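**Student:** Predicted model and sequence follow; I will ask about them next.
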Number of protein chains: 2
Amino acid sequence: MSKQAEAVPALPVAGCCAPLVAAPLAAEQAVDLARAFKALADPVRLRLLSLITSAEGETCVCDLTAGFDLTGPTISHHLKVLREAGLVDSERRGTWVFYWPRTANLRPLAALLDVPARVRG
Amino acid sequence: MSKQAEAVPALPVAGCCAPLVAAPLAAEQAVDLARAFKALADPVRLRLLSLITSAEGETCVCDLTAGFDLTGPTISHHLKVLREAGLVDSERRGTWVFYWPRTANLRPLAALLDVPARVRG
DNA sequence: ACGCTGATTAGACATCTGTCAAGATAGACG
DNA sequence: CGTCTATCTTGACAGATGTCTAATCAGCGT
């Protein structure tokens, strides 16, 4: 939930890092970034994130569970991982809980990987 | 090594996916992408990749091990993970082994995460 | 051929992770 | 209040992961 997300320290990822190509990563930065990538390192979470991100506005959990062959608690677990990684946030409204992406934390990850094309490789 | 890297099927990541925001990810795409992100989901591997990517040309393994408080085999293991994920490639030249980034496989990952900034989030 | 150095592989072990079933919590509605 | 629905938490367990030591492989020099 929003409150919970605020309790979790904001990931130091946002606006943190130059592209990989610019300079070697410091050890602490690497730890923080690895935490974020770990959240992306699961097919279910990638699909959940893509559903949340590609939807306009917010997405109800009830609309997320349908596409997966997994139990509710498992989906809930994955959403929690995404939320604690700072990649999404959520809010309860009445019976339902809605999720939306935290683009400010997603974009730096993209920037980090945006290396120039290379002759060999 | 290069031979070995060719034996490993080229990751279907390159040129595979529209940004997350464009459309929900298909299940098989998600599996392939998760494989790549899993390789990035470790601080040591992120730092190794940043060293390899930020260097010009190729990087000798002997220059990689120095910055870490880990045994040679452990570094070697992480390099293997990066190689099998298609993020780097390597070649032995005489006594030494050199690594370089595979930017063609890195860039699609960046593109995937490049979501537009959002009012809320 | 022999040993030396750089790098990888094999095997072992503790820790982390994804999943589920069962139970708990939050709100809506009689 | 009681119950129904939607979601989350807890506890358990199989399988994956990061690290190490010991052993192996690939070249270079003598």
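**Tutor:** Structure received.
**Student:** How far off centre is stretch A:71-78?
**Tutor:** Relative to the centre of its chain, stretch A:71-78 is centred 16 Å away, using Cα atoms, centre = their mean, to the nearest Å.
**Student:** Is that stretch positioned near DNA strand D?
**Tutor:** Yes - using Cβ under 7 Å from any atom of the strand, stretch A:71-78 reaches DNA strand D at A:Gly72, A:Pro73, A:Ile75, A:Ser76, A:His77. Where C-beta positions appear, they are placed from N, C-alpha and C, glycine not excepted.
**Student:** so after the worst-scoring helix or strand of chain A on mean pLDDT, what's the next helix or strand?
**Tutor:** Between all helices and strands in chain A, the lowest mean by mean pLDDT, DSSP states H and E belongs to helix A:2-7, at a mean of 40. Tracing the chain C-terminally past helix A:2-7 and defining elements by DSSP states H and E, one meets helix A:27-40 next.
**Student:** by contact count, what packs against that following helix?
**Tutor:** Here helix A:27-40 touches helix A:43-54, helix A:72-84, helix A:103-113, helix B:27-40, helix B:43-54, going by 3 or more Cβ pairs under 8 Å, 6 or more residues apart in numbering or on different chains; DSSP states H and E.
**Student:** how about that helix, does it reach DNA strand D?
**Tutor:** No - in terms of Cβ under 7 Å from any atom of the strand, no part of helix A:27-40 sits within range of DNA strand D; the closest distance is 8.5 Å.
**Student:** Any chance you could list what contacts that helix?
**Tutor:** A:11-13, A:16-17, A:25, A:45-46, A:49, A:81-82, A:84-87, A:105, A:109, A:112, B:34, B:37, B:40-47, B:50, B:113 (Cβ atoms under 8 Å, 6 or more residues apart in numbering or on different chains).
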